[in-house]
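1. Predicted model and sequence below, questions to follow.
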Amino acid sequence: MDDRLKADAGAETIDMRALTQSLARYREPNPKRSVVEILITAVPFVVLWLSMWLLLPVGYGLYLLLSVPAAGFLVRLFMIQHDCGHGSLFRNRLSNDWVGRVIGVFTMTPYDFWRRAHGVHHASAGNLDLRGIGDIDTLTVDEYLALSRWRRLRYRMYRHPLVMFGIGPTYLFVLRHRLPCGLMRQGWGPWVSTMTTNGAIALVVAATMWAIGIKPFLLVHLPITVLSGAIGVWLFYVQHQFEHTVWLKNQDWSFPTAALYGSSHYDLPGVLRWFTANIGVHHIHHLCSRIPFYRLPLALRNHPDLANVGRLTLGQSLACVRLVLWDETARRLISFGELRTRFGAANGAQACTDAV
């Protein structure tokens, strides 16, 4: 596919090669800034966690209220771990890896395993022929219609908001991350990462339970885990599951196209941008993943032509929940409702019922 593409209808042509070279200027991390970002995230998280524990005797209302900012700081810790996985937080790979591994104990995410799976996601995002690792399961319309009734039901359940953002995140971080799912046959590396993280998590949890008790630990940590997991999955979802994202067959797929146009610019309010470590500037992140998260806003400001590429506001992003199938003809994600309407118009009410 041609490297020169339009950002949107009527927009100026973007030279992908020149853009990538320009963004490379922002890749250099500031080690002192990186350390400060870790401290101003980790210390408030610990303080809030301890405050929730101390407030348990007072009542559930106030302590549960504190779980919201605590979850926000845990999400930010995960985003810092994410930058470590890309080697963008520090100049030295060893520093990135060990900071990422330590944070992974608290985010319940085995760092080395996750880094490999996430690398696959970056290398294949938007490629219809390379789905399955590090992404959200997305079927095309034809693939969905070819399924049996039972498998259609399973897919609909998987894409239901209560499963996707409720049950799913808890399952992902509490259970699925305990095994190197997706990379179980790719050598000992993913297993070592996962089992070492599991062991460290077990030690931290056991020590904390011994110090404060099992019930207080669960009352404090479970709400934070559930809420932060839901937020994390939501962020990942909306960064690729928006109407005019990009999914292409391998022969038509190119990395710059998928990176820039298959990733959203989630234009969040300032406070949410801070808590999410600017991960909303996802199109630039995918195009140049070595840019530290604290330099992404500068890169965006200096490339104003990218501001409206894939832009979603917080309100607009809510509509992404219903988008579940890739329409290869229209080249956009559609809802089950749109699929029913299409078949109803083409084949009548009975065909609509049978197809969906």
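-> Yes, it's here. It should be emphasised that the depicted structure is a prediction, and the values quoted were computed from it without experimental measurement.

2. okay, CA-based contacts and neighbour counts for the rest of this
-> Fine.

3. So which residues of the stretch 251-356 of the chain form helices?
-> 255-261, 270-275, 282-287, 296-301, 314-317, 336-347, 349-355 (DSSP state H, counting those that start in this stretch).

4. ranking those by burial, who's on top?
-> helix 282-287 (a mean of 25; mean count of other C-alpha atoms under 10 Å).

5. can you tell me the average pLDDT over that one?
-> The average pLDDT within helix 282-287 is 96.

6. Run through the neighbouring helices and strands of it.
-> For helix 282-287, the packing partners by 3 or more C-alpha pairs under 8 Å, 6 or more residues apart in numbering; DSSP states H and E come out as helix 255-261, strand 265-267, helix 296-301.

7. To Leu54, which of these lies closest?
-> Closest to Leu54 of the helices and strands packed on helix 282-287, according to C-alpha to C-alpha: strand 265-267, at 36.2 Å.

8. who touches that closest one?
-> With contacts defined as C-alpha atoms under 8 Å, 6 or more residues apart in numbering, strand 265-267 is touched by 238-239, 280-283, 307-314, 317.

9. Adding distance to Ala211 and mean pLDDT, write the helices and strands packed on helix 282-287 out as TSV.
-> Output for the helices and strands packed on helix 282-287, formatted as TSV (distance: least, C-alpha to C-alpha, whole Å; pLDDT from 0 to 100):
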stretch	distance to Ala211	mean pLDDT
helix 255-261	46	93
strand 265-267	41	97
helix 296-301	41	96
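
10. These into a markdown table, with extra columns for distance to Leu56?
-> Below are these laid out as a markdown table (distance: least, C-alpha to C-alpha, whole Å):
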| stretch | distance to Leu56 |
| --- | --- |
| helix 255-261 | 45 |
| strand 265-267 | 36 |
| helix 296-301 | 39 |
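
11. Mind checking those for the one nearest to Arg93?
-> Per C-alpha to C-alpha, nearest to Arg93 of the helices and strands packed on helix 282-287: helix 296-301, 20.2 Å.

12. helices or strands next to that closest one in the packing?
-> Against helix 296-301 (3+ C-alpha pairs under 8 Å, 6+ apart) you get helix 282-287.

13. if we go to 10 Å?
-> On a contact count with 3 or more C-alpha pairs under 10 Å, 6 or more residues apart in numbering; DSSP states H and E, helix 296-301 meets helix 16-23, helix 282-287.

14. re earlier: quick one, which of the helices of the stretch 251-356 of the chain gets closest to His82.
-> helix 282-287 (11.3 Å).

15. residue boundaries of the strands in this protein?
-> Secondary structure of the chain by DSSP state E: the strands cover 4-6, 13-15, 139-140, 265-267, 311-313, 325-327, 332-334.

16. shaky segments in the protein?
-> The chain contains residues with pLDDT under 70 at 1-13, 182-187, 344-356.

17. Closest to the centroid, which residue in it?
-> Nearest residue to the geometric centre of the chain (C-alpha atoms, centre = their mean): Phe236, 2.4 Å.

18. which residues does it contact?
-> Listed by C-alpha atoms under 10 Å, 6 or more residues apart in numbering, the contact set of Phe236 reads Asp135, Ile136, Ser263, Ile279, Gly280, His282.

19. Tabulate the helices of the stretch 251-356 of the chain (CSV), appending distance to Val163.
-> Listed next are those as CSV, based on distance: least, C-alpha to C-alpha, whole Å:
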stretch, distance to Val163
helix 255-261, 27
helix 270-275, 24
helix 282-287, 24
helix 296-301, 32
helix 314-317, 18
helix 336-347, 16
helix 349-355, 23
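
20. Any idea which of those helices gets closest to Ala70?
-> Ala70 lies closest, by C-alpha to C-alpha, to one member of the helices of the stretch 251-356 of the chain: helix 270-275, at 10.4 Å.

21. then that closest one to CSV, C-alphas only?
-> The C-alpha trace of helix 270-275 is given here as CSV (Å, rounded to 0.1, in the frame of the first residue of the first chain):
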residue,chain,number,x,y,z
GLY,A,270,-6.4,16.6,31.2
VAL,A,271,-6.7,14.7,34.4
LEU,A,272,-7.6,11.4,32.6
ARG,A,273,-4.7,12.0,30.2
TRP,A,274,-2.4,12.1,33.2
PHE,A,275,-3.7,9.0,34.9
